[in-house]
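Participant: turn this into a model:
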Amino acid sequence: MKFEQAFLHYIKAGATLIQIISHETQRIHGVVNKTADELERHWFTWNRIEGIKKWEQGEFIDDDTDCREASSVLEKFEEDDFENSLLILEDCHPDLTENQPHIIRRLRNIALRKYTDRALILAQPITCLPVELEKEVQVMEMPLPTVDELKVVLASVCQRFDLEDNQCEQTLPVLEAALGLSIMEAELAFAKAIVEKSRITESEISLIISEKEQVIRKSGYLEYHHPQENLDDVGGLDKLKEWLNRRSNAFSESAREYGLEQPRGILLLGVPGTGKSLAAKAASNAWQFPLLRLDMGKIYGGIVGQSEQNIRGALGIAETLAPCILWIDEIEKGLSGVQSSGATDGGTTSRVLGTFLTWMQEKNKPVFVLATANDISQLPPELLRKGRVDEIFFVDLPDSQARQEILNIHLRRRDRGELFSEDELNHIAKEAKGYTGAELEEAVKEALFRAFDKGREINPDDVIAAIKDSYPLSKTMQEVIEATRKWAKSRAVQASSQEPEAFDEKENKAPRLRQEAANPFI
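Facilitator: Residues are numbered from 1 along each chain as shown. This is a model prediction of the structure:
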């Protein structure tokens, strides 16, 4: 149901107090104006600077500029002058605190009188509702503008700059580029593109997107990525890449007509440095979807209710930018401690998790969630249930063939792909048993430094020497990796079709730090 229709139904049903959460005052005015016209009512606005203003014949007329206090306007609202009307109180949330009990009581009185000929709309940018009013006030969150609303904004901006029709392309790609912005932000993005290029066409989409990235970055918990990697840059993981390729067209209209559901997401579990984050970037590039990285650590705020509002805001932006990929890296770190949340943080982590899981289950927008995790022991069991995501993949250490592919990828990326033969790459891969993709990349970098220092081109011995001078994570985390393999064998799909390599018995002992053996009783 559209926001305007839901608002109209509330007014028709006799709701006296409605709280609208939005930064966009103009859109709120538009919704109220449309409802007032349909119900043949007058409507007013109030703020503590301008007092009460009445909308009449297409413009605001000062009605009572002396009425600057919230208590005064609420008292006036109950008078006969406001029969058959709607009144918007703008930014009155500072009055909805425990320091203003008389305001809260007066609002309760208005709600209890059950007026049917008038309604009070509390328009504010943040959720702020005292517990006394929770049962009396209907809370509505205004969604970000749709393509149709952005088309109106673009037409208005083009008219303001006196652009000709051939200078202003109101095409779907241009409008979709501004999805996720508020009306004011979209206005500024369109105007900035016009100022720079004296036109706004599909060629200016990159300018709109760059402005959108800045706005999304201001939220603090979402980042807009432009990945250059593709699936060919991912060594090994053939089953995961095959799965992603099969889903590449599953978001199309033809897939809906065929009867396919939109893919919901995947969870990548495994050892750090094995290519989970790289797979997320490659999927975004392969599908040509925007990649939004959600930082779960930044979701949590110090004010009561702020964390839940942040997660809802982030998910709302992702839905507005759909189709897109929502990438949550190391999700277990953001949700750790959920079992003890009630005792440690007042249940905030549990509520954030609940909001996120409910959204994953109920979402109908094409937002593909790609979450990665290193430590399965910290993952809440609710997240692992089928139905939340389409599949759970386990990303193991690369086998010999995958290591050879990874080495070749990193050498090609540095224009050294022709220097090594297949036999030499195979030899290096065997020497690098147990090394992750990230460790192999670092070995190639170190080998280049060594060759450069000696004033010659890189050779296989440089790479092997760099490998032998480092100690892989697989040796220091051997017990953890083996336990994770056992867990994943019956609960996850292997990301690679190759069987994982067994650990060498002689390498079971990992080196200890001096402080680890400092206890004289051990």
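
Participant: show me where pLDDT drops low in the stretch 301-450 of the chain?
Facilitator: 301-305, 336-346 (pLDDT under 70).

Participant: just checking, G437 touches T274?
Facilitator: Yes: judged on C-beta atoms under 8 Å, G437 makes contact with T274 at a distance of 5.9 Å. Bear in mind the C-beta positions are built from the backbone N, C-alpha and C, glycine included.

Participant: overlap of the contact sets of those two?
Facilitator: P398 (C-beta atoms under 8 Å, 6 or more residues apart in numbering).

Participant: and these two? which has more neighbours close in?
Facilitator: Ranked by neighbour count (other C-beta atoms under 10 Å), G437 and T274 place T274 first, with 30 against 27.

Participant: what about N47, neighbour count?
Facilitator: 17.

Participant: sorry, slip of the keys, the one I care about is G58.
Facilitator: Around G58 there are 6 other residues, counting by other C-beta under 10 Å.

Participant: and it, how far is that from A438?
Facilitator: To A438, G58 is 63 Å away according to C-beta to C-beta, to the nearest Å.

Participant: in the sheet, who's paired with A373?
Facilitator: Note on A373: beta-bridge partners by DSSP bridges are L269.

Participant: can you report how many residues lie near it?
Facilitator: 23.

Participant: now do the contacts for it.
Facilitator: 267-269, 330-332, 379 are the contacts of A373 under C-beta under 8 Å, 6+ apart.

Participant: what's the closest non-adjacent residue to Q498?
Facilitator: Spatially, and ignoring its direct neighbours in sequence, Q498 is nearest to D399 (4.4 Å; C-beta to C-beta, 6 or more residues apart in numbering).

Participant: tell me the secondary structure for Y471?
Facilitator: Put simply, Y471 is coil when judged by DSSP: H, G, I helix; E, B strand; the rest coil.

Participant: what mean pLDDT does the strand or helix carrying S490 have?
Facilitator: Using DSSP states H and E, S490 falls within helix 478-491. Mean per-residue pLDDT for helix 478-491: 86.

Participant: and for it, what's in contact with it?
Facilitator: 269-271, 376, 384, 392, 394, 396-397, 474, 494, 500, 503, 507-508, 510.

Participant: what does stretch 240-258 give?
Facilitator: Under C-beta under 8 Å, 6+ apart, the answer for stretch 240-258 is 231, 234, 260, 262-263, 266, 268, 279, 282-283, 286-287, 323, 366, 368, 391, 393, 395, 495-496.

Participant: how about it: buried residues?
Facilitator: 240-241, 243-244, 247, 250-251 (16 or more other C-beta atoms under 10 Å).

Participant: ok so, going back, and the contacts of helix 478-491, which two are the farthest apart?
Facilitator: The span of the contacts of helix 478-491, defined through C-beta to C-beta, is set by L384 and E507 at 31.2 Å.

Participant: higher neighbour count, these two?
Facilitator: Set L384 next to E507 and count neighbours by other C-beta under 10 Å: L384 wins out with 16 against 13.

Participant: which ones are touching that one?
Facilitator: Contact analysis of L384 by C-beta under 8 Å, 6+ apart lists 267, 392, 491.

Participant: make it 6 Å
Facilitator: L384 sits next to no residue when contact means C-beta atoms under 6 Å, 6 or more residues apart in numbering.

Participant: who are the packing partners of the longest helix along the chain?
Facilitator: The longest helix of the chain (DSSP state H) is helix 437-453. In terms of contacts (3 or more C-beta pairs under 6 Å, 6 or more residues apart in numbering; DSSP states H and E), helix 437-453 is packed against helix 400-413, helix 460-468.

Participant: for L326, which three-state class applies?
Facilitator: Strictly by three-state DSSP, L326 counts as strand.

Participant: just to revisit the earlier point, out of the buried residues of stretch 240-258, show me where the pLDDT dips lowest.
Facilitator: Within these, pLDDT is lowest for F251, at 86.

Participant: any idea of the pLDDT on Q515?
Facilitator: Per-residue confidence (pLDDT) for Q515: 48.

Participant: the helices in the stretch 101-250 of the chain, which residues?
Facilitator: With DSSP state H, counting those that start in this stretch as the criterion, the stretch 101-250 of the chain has helices at 101-113, 147-160, 172-177, 183-197, 205-218, 238-246.

Participant: redo the ones you listed as CSV? Include distance to V480.
Facilitator: Formatted as CSV, the helices of the stretch 101-250 of the chain follow (distance: least, C-beta to C-beta, whole Å):
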stretch, distance to V480
helix 101-113, 54
helix 147-160, 48
helix 172-177, 44
helix 183-197, 45
helix 205-218, 35
helix 238-246, 21
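
Participant: in terms of mean pLDDT, which of these ranks lowest?
Facilitator: Minimum mean pLDDT among the helices of the stretch 101-250 of the chain: helix 205-218, a mean of 80.

Participant: now, which of the contacts of A373 sits nearest I183?
Facilitator: For the contacts of A373, the nearest to I183 is I331 (32.9 Å; C-beta to C-beta).

Participant: around that closest one, how many other residues sit close by?
Facilitator: I331: 24 neighbours (other C-beta under 10 Å).

Participant: go ahead and confirm it touches A371.
Facilitator: Yes: between I331 and A371 there is a contact at 4.4 Å, judged by C-beta atoms under 6 Å.

Participant: by contact count, what packs against the helix or strand that contains K54?
Facilitator: K54 belongs to strand 51-56 when assigned by DSSP H and E. On a contact count with 3+ C-beta pairs under 6 Å, 6+ apart, strand 51-56 meets strand 42-47, strand 59-64.

Participant: let's go with 8 Å and repeat that
Facilitator: helix 25-39, strand 42-47, strand 59-64, helix 70-77 (3 or more C-beta pairs under 8 Å, 6 or more residues apart in numbering; DSSP states H and E).

Participant: could you export the last one as PDB, CA atoms only?
Facilitator: By that I understand helix 70-77. These are the backbone C-alpha positions of helix 70-77, laid out as PDB (Å, rounded to 0.1, in the frame of the first residue of the first chain):
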ATOM      1  CA  ALA A  70       3.700  24.100  21.400                       C
ATOM      2  CA  SER A  71       1.300  24.400  24.300                       C
ATOM      3  CA  SER A  72      -0.300  27.400  22.700                       C
ATOM      4  CA  VAL A  73      -0.900  25.800  19.300                       C
ATOM      5  CA  LEU A  74      -2.300  22.600  21.000                       C
ATOM      6  CA  GLU A  75      -4.700  24.700  23.000                       C
ATOM      7  CA  LYS A  76      -5.800  26.600  19.800                       C
ATOM      8  CA  PHE A  77      -6.200  23.200  17.900                       C
END
